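> coords please:
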Amino acid sequence: MALPHRGHRITPKKSPYESRCQGHISPLQAREAFLSPRHLAAARGSTPAAARYTAERAEKQYDSSDPQNRLVTDELERRWNRALERVAELETRLEQERKQRQPPSLLPAEEFESLAGKLDRIWNHPDTDARLKKRIARTLIEEVIADVCAEAGEILLTIHWKGGVHSEIRVPRRRRGQNSLHTASSTVEAVRLLARISTDEQIAAYLNRNDLRTGKGNCWTKLAVASLRTKRNLPKYSAECREAEGWMTLTQAASFLGISTTSLRQAVERHEIEGIHPLPDGPWIFQRADLERDKAKQLVERIQLRKQGGVEPNSQQRPLAFPTT
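Down below sits the predicted model:
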């Protein structure tokens, strides 16, 4: 897909139907309102012009026949009469359609303004199709200006709304060779981090548990994770590397410190100890070097002090003084 040039204006095209009315009608009625009577007849399978051509052809066949061959002449005459009847029928129906076609009535201003508060519900309704969304966009948007920022790798979209308000949206620019079938970057990053403590089969289970899918929308498997790692040059899980670099799970890190998993997780949430949580419903990842820092040792000392029934010192605590009089 070609990217818009800097400052390129994208103005929604409005059909003649939408410029005339904004009422509630069916898609078939909208299509018929857009078509002229001649196109309307063609869309319904036949036109008076085609019927007249058939009648003229039948007339020529009748005129060129041998009058002495009564069987052939009678048959050609019947075909000519049927063609003339068809012409009259279509012209009558077309005239009736022309008289019955009335433009849909406009909505009152108050009712149209109340739709603004229901836009989110209408847009996300399961019965709202792409055609209705396009009509809404054409009604609300005057134009869209797209500026390509090659340095930042993104496209700046400036939306000019009908009421005069402007909005800016920044969307990432696709790199060369990238398409909609590529796996999300957040998923790739999660696989890279999880490979420190998990095998491909375990990573696939974590991704499926978090309702993540491949670029083609499929569930993750061991082979799919391995294929992603190969394409993105991500490291494979290795027990030797894990031991050398000191990567641990939540249970292993808590056991290393001699505290409970709950206390360790709360310490991470308080930013007292560094921990990695690639997926909301997935494992925590810790490194031995972070657990050997002074903050971690102080945490262990405080927890052990509480277990022994001691009082944890607090520099902000004030002395309790009782009045002597």
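> Name the residues of stretch 80-93 that come out as buried.
Within stretch 80-93, the residues that count as buried by 16 or more other C-beta atoms under 10 Å are W80, A83, L84, R86, V87, L90. All C-beta atoms are positioned from the backbone trio N, CA, C, and that covers glycine.
> and these as CSV, adding pLDDT?
Putting those into CSV (pLDDT from 0 to 100) gives the following:
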residue, pLDDT
W80, 85
A83, 86
L84, 88
R86, 86
V87, 86
L90, 84
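> residue ranges with poor pLDDT in the stretch 201-325 of the chain?
309-325 (pLDDT under 70).
> Quick one: the helices in it, in order.
For the stretch 201-325 of the chain, applying DSSP state H, counting those that start in this stretch gives helices covering 222-232, 239-245, 250-257, 261-269, 288-291, 294-307.
> Including mean neighbour count and distance to I276, could the ones you listed go into TSV?
TSV is the format used below for those (neighbours: other C-beta atoms under 10 Å; distance: least, C-beta to C-beta, whole Å):
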stretch	mean neighbour count	distance to I276
helix 222-232	16	18
helix 239-245	11	13
helix 250-257	18	11
helix 261-269	17	9
helix 288-291	16	10
helix 294-307	14	15
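> Would you mind saying which of those lies nearest S167?
For S167, the closest of the helices of the stretch 201-325 of the chain is helix 222-232, at 34.5 Å, according to C-beta to C-beta.
> and H271, how many residues sit next to it?
Other residues within reach of H271, judged by other C-beta atoms under 10 Å, total 9.
> got TSV for the helices of the stretch 201-325 of the chain, with distance to D74 too?
Formatted as TSV, the helices of the stretch 201-325 of the chain follow (distance: least, C-beta to C-beta, whole Å):
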stretch	distance to D74
helix 222-232	74
helix 239-245	96
helix 250-257	96
helix 261-269	97
helix 288-291	103
helix 294-307	108
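> Indicate which one of those is closest to A204.
Once the helices of the stretch 201-325 of the chain are compared by C-beta to C-beta, helix 222-232 is nearest, at 5.0 Å.
> What helices and strands are in contact with the closest one?
Contacts defined by 3 or more C-beta pairs under 8 Å, 6 or more residues apart in numbering; DSSP states H and E place helix 222-232 against helix 185-194, helix 200-209.
> who touches that helix?
Helix 222-232 is contacted from outside by 183, 188, 191-192, 195, 199-201, 203-204, 207, 214, 218, 234-236, using C-beta atoms under 8 Å, 6 or more residues apart in numbering.
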